[in-house]
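**Q** I'll drop the sequence and a predicted model, then ask my questions.
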Amino acid sequence: MIKCVSILGSTGSIGRQSLDVLEKLPISVAALTAGSNVERMAEQCRRFRPRLAVMATREAAEALQKELAGLPIRISWGEKGLIEAATVPEADCVITAVVGMVGLKPTLAAIREKKRIGLANKETLVCAGELVMAEAEKHGAEIIPVDSEHSAIFQCIMGIRDRREIRRLILTCSGGPFFAMAPEDLSKVTKADALKHPNWKMGPKITVDCATLMNKGLEVIEAMRLYRLPLEKVGVVIHRQSVVHSLVETVDGAMLAQLGTPDMRLPIQLALTYPHRLECPVERLDLTSCGSLSFCKPDPEAFPCLKLAMECAKAGGTACPALNGANEAAVALFLKDKIGFYDIYRLVSLAVSKVPFLPQPSLEEILDADRLARQIVNDAFVSMK
Ligand code: NDP
Ligand code: MG
């Protein structure tokens, strides 16, 4: 079992739940990182005593230094700091719980040090999944998914000896807060409406992605990369209750599923204890009181981001980092109340159509596609005003 971890993004939703899980296990903390939340980071450092603490900016790092004066904790900042946190020698596992493409370089650095990756940061696999998986194979680094759907698939696949026996993966999707709403009503929804997820409590970016269904599109790409399957073998069904976390259909027609109450602490813990399972403080699922389970198809007209993501998944190459970078930029504008709900789709689809397509991009070309997509979104926003 893992003995020591680094958590990238420890002050966020997944980061805090990771600390909650490992506090109950004989696992120590080597490094913690955050963006700007100095207060929460200082609290975590006093409690978990990492060797290294990293903030996104020099100013935030200086403020943390003042808070932690006298403690034997080294403080760093920026991309260099994130890479240091991902590669500290003591850690045998890195939980990637930062949000966004900022997680890519540290994840690659941790893989090169042969660390186990507890992968929550899906944007990394969406943008550069082929490179990340190839590096993991080359260095013998394990990637254990934390995203609930991919963990469910991972758990179902644990019993399948030959990957050729998989017919398809089925990702379940709660449908988000706007399930069954008509496009004319959706065009009027606000940030506050989008941030009310029916089943999961998560950070703001992924919560908006769940409202547009972009999250499910990103997860389709994540599943294709993790399990090396073509788009035709990854399906999506709406399942409002979030009890069935995803399914695997085998060639003989069997459907394997993982069920449970919606609680990320189970997949987080499994990423740390795999191949073993330990007691976990999650609420148990009571089958006789969880009600009936429903499944239906997503509506591509009302939620065009899912369709757009599927098109990018099919195209591959730079279409995926363009999609992701544009989405990060557009969601950031939506979260600042600068654009409407469907503007997210309009801006992302514009960027995807404008970023030059390369079928097998290098890391630099992926980073360029990401930068250009963000710029197209921000320029288009300025001209909308
Ligand atoms: P949060 O927004 O709650 O947390 C994000 C973390 O990243 C925080 O620690 C934040 O620091 C840090 N951060 C933000 N921006 C930067 C930056 N520029 N540089 C360095 N650090 C930064 O996100 P979630 O925990 O919800 O999600 C994290 C990842 O996990 C995402 O990729 C998401 O898609 C994925 N995921 C999340 C799930 C969930 O249940 N929350 C489920 C499945 C996947 P600060 O607090 O200082 O801002
Ligand atoms: Mg998920």
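**A** Now that the structure is in, tell me what you want to look at. Ligands and ions are numbered 1, 2, ... in the order given.

**Q** Leaving out chain neighbours, which residue sits closest to the closest residue to ligand 1 within the chain?
**A** Distances between the chain and ligand 1 by C-beta to the nearest ligand atom are smallest at Gly12, namely 1.9 Å. Quick note: C-beta positions are derived from backbone N, CA and C, even for glycine. Distances taken as C-beta to C-beta, 6 or more residues apart in numbering place Gly203 nearest to Gly12, at 5.2 Å, with adjacent residues excluded.

**Q** contacting residues around that neighbour?
**A** 12-14, 99 (C-beta atoms under 8 Å, 6 or more residues apart in numbering).

**Q** go with 10 Å
**A** 9, 12-15, 97-99, 209 (C-beta atoms under 10 Å, 6 or more residues apart in numbering).

**Q** Repeat that for Phe303.
**A** Contact analysis of Phe303 by C-beta under 10 Å, 6+ apart lists 173, 175-176, 178-179, 181, 183, 186, 211-214, 216-217, 238, 345.

**Q** farthest residue from the center of the chain?
**A** Relative to the mean C-alpha coordinate of the chain, counting by C-alpha atoms, centre = their mean, the farthest residue is Gly70 (35.2 Å).

**Q** May I have the secondary structure class of it?
**A** At Gly70, secondary structure determined by DSSP: H, G, I helix; E, B strand; the rest coil is coil.

**Q** quick one: pLDDT of it?
**A** At Gly70, the pLDDT value in this model is 93.

**Q** For the stretch 251-385 of the chain, which residues are neighbours of ligand 1?
**A** Counting by C-beta under 6 Å from any ligand atom, the residues of the stretch 251-385 of the chain close to ligand 1 are Met264.

**Q** all helices for the stretch 251-385 of the chain, in order.
**A** With DSSP state H, counting those that start in this stretch as the criterion, the stretch 251-385 of the chain has helices at 265-273, 304-315, 319-335, 341-354, 363-384.

**Q** Pick out the residue of the stretch 201-350 of the chain closest to ligand 2.
**A** Glu219 (5.5 Å; C-beta to the ion).

**Q** any idea how far that residue is from Ala309?
**A** 9 Å (C-beta to C-beta, to the nearest Å).

**Q** Would you confirm that Ile153 contacts Arg163?
**A** No: using C-beta atoms under 10 Å as the test, Ile153 is too far from Arg163 to be in contact (11.7 Å).

**Q** can you list residues touching both of these two?
**A** Taking C-beta under 10 Å, 6+ apart as the criterion, Ile153 and Arg163 both touch Tyr227.

**Q** Between those two, which has more neighbouring residues?
**A** Ile153 (27 against 10; other C-beta atoms under 10 Å).

**Q** Give me the phi and psi angles of that one.
**A** Dihedral pair for Ile153: phi -60, psi -40, per degrees, to the nearest 10.

**Q** residues contacting it?
**A** Shown in contact with Ile153 (C-beta under 10 Å, 6+ apart): 145, 147, 166, 169-171, 223, 226-227, 234, 245-248, 256-258.

**Q** what's the answer for Ile160, then?
**A** Ile160 touches 166, 248, 250, 254, 256, counting by C-beta under 10 Å, 6+ apart.
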